[in-house]
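# This is a predicted model, with the sequence first.
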Protein chains: 2
Amino acid sequence: MTAAPPAGLTVLPVAGLPEVQPGDVLADLLAAAFELMDGDVVVVTQKVVSKAEGRQVRLDGEGAHRAVVDAESVRVLRRRGGLVISETRHGFVCASAGVDRSNIADGWAALLPVDPDRSARRIRAGLRARAGVDVGVIVSDTFGRPWRRGLTDVAIGCAGIAAVVDLRGTSDSFGRELHATMVCVSDELAAAADLVMGKASGVAAAVIRGVDPAWFRESSVRAEVVRPPSDDLFR
Amino acid sequence: MTAAPPAGLTVLPVAGLPEVQPGDVLADLLAAAFELMDGDVVVVTQKVVSKAEGRQVRLDGEGAHRAVVDAESVRVLRRRGGLVISETRHGFVCASAGVDRSNIADGWAALLPVDPDRSARRIRAGLRARAGVDVGVIVSDTFGRPWRRGLTDVAIGCAGIAAVVDLRGTSDSFGRELHATMVCVSDELAAAADLVMGKASGVAAAVIRGVDPAWFRESSVRAEVVRPPSDDLFR
């Protein structure tokens, strides 16, 4: 059976979030800034999640950034000049192990959250408690990739929304069963959210409304998206 | 100066496209199926572009698919069992050189368009002529990637809309100049469009309304997104 085409989506920037401080409860800030509805997907950038969780470190001197990157890496895949592509404790492969010096005070860097799926679960639970809404939450970050220039936003954590949707067993428009069509909808949602954020505009969250209700379930980026090295042809 | 946050986007499926045949003029089919507006971005999947351009080949027997994949590849990066990751003539690195047997008649495969940027330019020019609208056009395809499970849609061709937006020279929210922030908005637009398509639903195009007007310009995926091997750490 061919599924009915889904209706449209809207992607809305969350404006008016204050500068986030360690200890801030992001769910409270998000609920105050945006009138959420059941079935929304809230995409929050890693930067504010890390700030709220106190994942900032002071950099003393030029070598400090490199030392922090090394400490955050479990395996270095490539090094060229100042560029390091490494694997983090979570299993993400990205530049500088996700250690980031943009949109943060001079002399400081933001580290990735310890467990971004847990960060997403905490925000989701907080939004239910604070605003009474049942939403999906994605924590996003900006990664490069091999073979293609330019950065895109991807999901590093999720809660209440599928990281990957398995379309195997559904049929294509010729009525044949589809094989091996696992769509990483969490990355696509993160990418869509980035379109209304802009790196420079200070918009650190977005809401996607109209997402297929079938995609809302317990999930985890770490369990469903991170590819085990044994299953990976490029590590 | 901090840029003003952009307003929201809407992502709308284009329903009611007929089954595309070789020789069909996609711009005519799209214009008949959807009331486009100036400033829309139209995302069209590779499958219907390839069909309209007659890029289908008959597969005779089991070895035929592999022979076609080899013929479409200029370099094989990895091979494991039936899985081939190779580089196409365009410089894309993907599974099976983009040769695809889903959503096509049994015994046939669809090849990538010869020049997907040109395909996008042709659709854009056709929409201007047929519907009098000035839109961006992206041709999308579904690729896997290393390190992360699940497929996402990416741009393989574009016209009238930036493949990559260079945010260098703009300032972050702390007023410092951003370095090396090239965002691949064409891939993010392709990903957003996929969210309303679904692999099984037969929706082969989507329209994104509300895209930042600054992003509309002449561009090319091949020139701006394909990373030259000399600049690539994973080839």
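Noted; the coordinates are in hand.

# low-scoring pLDDT stretches of chain A, where are they?
Across chain A, the ranges flagged by pLDDT under 70 are A:1-6, A:168-180, A:199-201.

# Spatially central, which residue of it would that be?
Among the residues of chain A, the one closest to the centroid is residue A:140, at 2.0 Å (CA atoms, centre = their mean).

# Next, the nearest residue in space to that residue that is not next to it in sequence: secondary structure please.
Closest residue to residue A:140 apart from its sequence neighbours, by CB to CB, 6 or more residues apart in numbering or on different chains: residue A:190 at 3.9 Å. The way it works is simple: take the backbone N, C-alpha and C, and place the C-beta from them, glycine included. Following DSSP: H, G, I helix; E, B strand; the rest coil, we place residue A:190 in the helix state.

# which residues does residue A:190 contact?
Shown in contact with residue A:190 (CB atoms under 8 Å, 6 or more residues apart in numbering or on different chains): A:43, A:138, A:140, A:153, A:154, A:155.

# what about the third one, which helix or strand?
The reference is to residue A:140. strand A:136-143 (DSSP states H and E).

# partners of the next helix or strand after that strand in the sheet?
Using DSSP H and E, the helix or strand that follows strand A:136-143 in sequence is strand A:152-159. For strand A:152-159, sheet partners with direction are given as strand A:136-143 (antiparallel), following DSSP bridges.

# could you dump the strand it pairs with to PDB, C-alpha only?
Extracted in PDB, the C-alpha atoms of strand A:136-143 (Å, rounded to 0.1, in the frame of the first residue of the first chain):
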ATOM      1  CA  GLY A 136      10.200  15.700  20.100                       C
ATOM      2  CA  VAL A 137      13.600  17.300  20.900                       C
ATOM      3  CA  ILE A 138      16.800  17.200  18.900                       C
ATOM      4  CA  VAL A 139      20.200  18.600  19.900                       C
ATOM      5  CA  SER A 140      22.000  19.700  16.800                       C
ATOM      6  CA  ASP A 141      25.600  20.500  15.900                       C
ATOM      7  CA  THR A 142      27.400  21.700  12.800                       C
ATOM      8  CA  PHE A 143      29.600  19.100  11.200                       C
END
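
# Going along the chain, name the helices of chain A.
A:26-33, A:46-52, A:63-72, A:116-131, A:185-194, A:221-224 (DSSP state H).

# Domain map for chain A?
For chain A, the structural domains run A:10-54+A:113-226, A:56-112, going by automatic domain parsing.

# Any idea which of these gets closest to residue B:24?
domain A:10-54+A:113-226 (15.8 Å; CB to CB).

# Kindly check the end-to-end length of that closest one for me.
28 Å (CA to CA, to the nearest Å).

# how distant is that domain from the center of its chain?
6 Å (CA atoms, centre = their mean, to the nearest Å).

# Adding distance to residue B:111, write the helices of chain A out as JSON lines.
What follows is those, written out as JSON lines (distance: least, CB to CB, whole Å):
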{"stretch": "helix A:26-33", "distance to residue B:111": "46"}
{"stretch": "helix A:46-52", "distance to residue B:111": "39"}
{"stretch": "helix A:63-72", "distance to residue B:111": "42"}
{"stretch": "helix A:116-131", "distance to residue B:111": "39"}
{"stretch": "helix A:185-194", "distance to residue B:111": "25"}
{"stretch": "helix A:221-224", "distance to residue B:111": "31"}
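
# which of those sits most buried?
Most buried of the helices of chain A by mean neighbour count (mean count of other CB atoms under 10 Å in any protein chain shown) is helix A:185-194; its value is a mean of 29.

# coming back round to it: how near is the residue nearest to residue A:140 to residue A:50?
16 Å (CB to CB, to the nearest Å).

# pretty sure the residue nearest to the centre of chain A contacts residue A:151?
No. Between residue A:140 and residue A:151 there is no contact under CB atoms under 8 Å: 11.5 Å.

# Check whether stretch A:101-109 comes near chain B.
Yes. For stretch A:101-109, a contact with chain B is found by CB under 8 Å from any CB of the partner chain, at A:102, A:103, A:104, A:105, A:106.

# buried set for that stretch?
Neighbour-count burial for stretch A:101-109, with 16 or more other CB atoms under 10 Å in any protein chain shown as criterion, is recorded at A:101, A:102, A:103, A:104, A:109.

# Farthest-apart pair in those residues, please.
A:103 and A:109 (11.0 Å).

# Look up how far residue B:48 lies from residue A:131.
Residue A:131 is 41 Å from residue B:48, by CB to CB.

# likewise residue A:161?
29 Å.

# do residue A:223 as well
Residue A:223 is 35 Å from residue B:48, by CB to CB.

# again with residue A:18
Counting by CB to CB - residue A:18 and residue B:48 are separated by 46 Å.

# same thing with residue A:193?
Per CB to CB, residue A:193 is found 27 Å from residue B:48.

# Over to residue A:33?
With CB to CB as the criterion, residue A:33 and residue B:48 are 40 Å apart.

# cool, and residue A:29?
In terms of CB to CB, residue A:29 sits 43 Å off from residue B:48.

# try residue A:208
Residue A:208 is 25 Å from residue B:48, by CB to CB.

# can you pull the contacts of the residue lying closest to residue A:121 once chain neighbours are set aside?
With CB to CB, 6+ apart as the criterion, residue A:121 has its nearest non-adjacent residue at 4.1 Å, and that residue is residue A:159. Residue A:159 makes contact with A:117, A:120, A:121, A:123, A:124, A:136, A:137, A:218, A:219, according to CB under 8 Å, 6+ apart.

# can you put the residues you listed in a markdown table and add distance to residue B:56?
Putting those into a markdown table (distance: CB to CB, whole Å) gives the following:
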| residue | distance to residue B:56 |
| --- | --- |
| A:117 | 42 |
| A:120 | 43 |
| A:121 | 46 |
| A:123 | 47 |
| A:124 | 45 |
| A:136 | 38 |
| A:137 | 42 |
| A:218 | 41 |
| A:219 | 37 |
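
# Among these, which one lies nearest to residue B:8?
residue A:136 (17.8 Å).

# if I look at the residue nearest to residue A:140, how far off is residue A:138?
Taking CB to CB, one finds residue A:190 at 6 Å from residue A:138.

# Could you tell me which residues touch both of those two?
A:43, A:155.

# CA atoms only: put stretch A:12-31 into PDB for me.
Output in PDB follows, covering the C-alpha atoms of stretch A:12-31 (Å, rounded to 0.1, in the frame of the first residue of the first chain):
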ATOM      1  CA  LEU A  12      10.100  28.500  12.800                       C
ATOM      2  CA  PRO A  13      13.000  30.300  14.500                       C
ATOM      3  CA  VAL A  14      12.900  30.600  18.300                       C
ATOM      4  CA  ALA A  15      13.700  34.300  18.800                       C
ATOM      5  CA  GLY A  16      14.300  36.000  22.100                       C
ATOM      6  CA  LEU A  17      16.300  33.300  24.000                       C
ATOM      7  CA  PRO A  18      18.500  35.100  26.500                       C
ATOM      8  CA  GLU A  19      22.200  34.500  26.600                       C
ATOM      9  CA  VAL A  20      22.400  31.100  28.300                       C
ATOM     10  CA  GLN A  21      24.400  30.600  31.500                       C
ATOM     11  CA  PRO A  22      25.600  27.500  33.300                       C
ATOM     12  CA  GLY A  23      22.700  26.100  35.300                       C
ATOM     13  CA  ASP A  24      20.000  27.600  33.200                       C
ATOM     14  CA  VAL A  25      17.000  25.300  32.600                       C
ATOM     15  CA  LEU A  26      16.700  25.300  28.900                       C
ATOM     16  CA  ALA A  27      13.100  23.900  28.900                       C
ATOM     17  CA  ASP A  28      12.100  27.000  31.000                       C
ATOM     18  CA  LEU A  29      13.800  29.400  28.600                       C
ATOM     19  CA  LEU A  30      12.300  27.600  25.500                       C
ATOM     20  CA  ALA A  31       8.800  27.500  27.000                       C
END
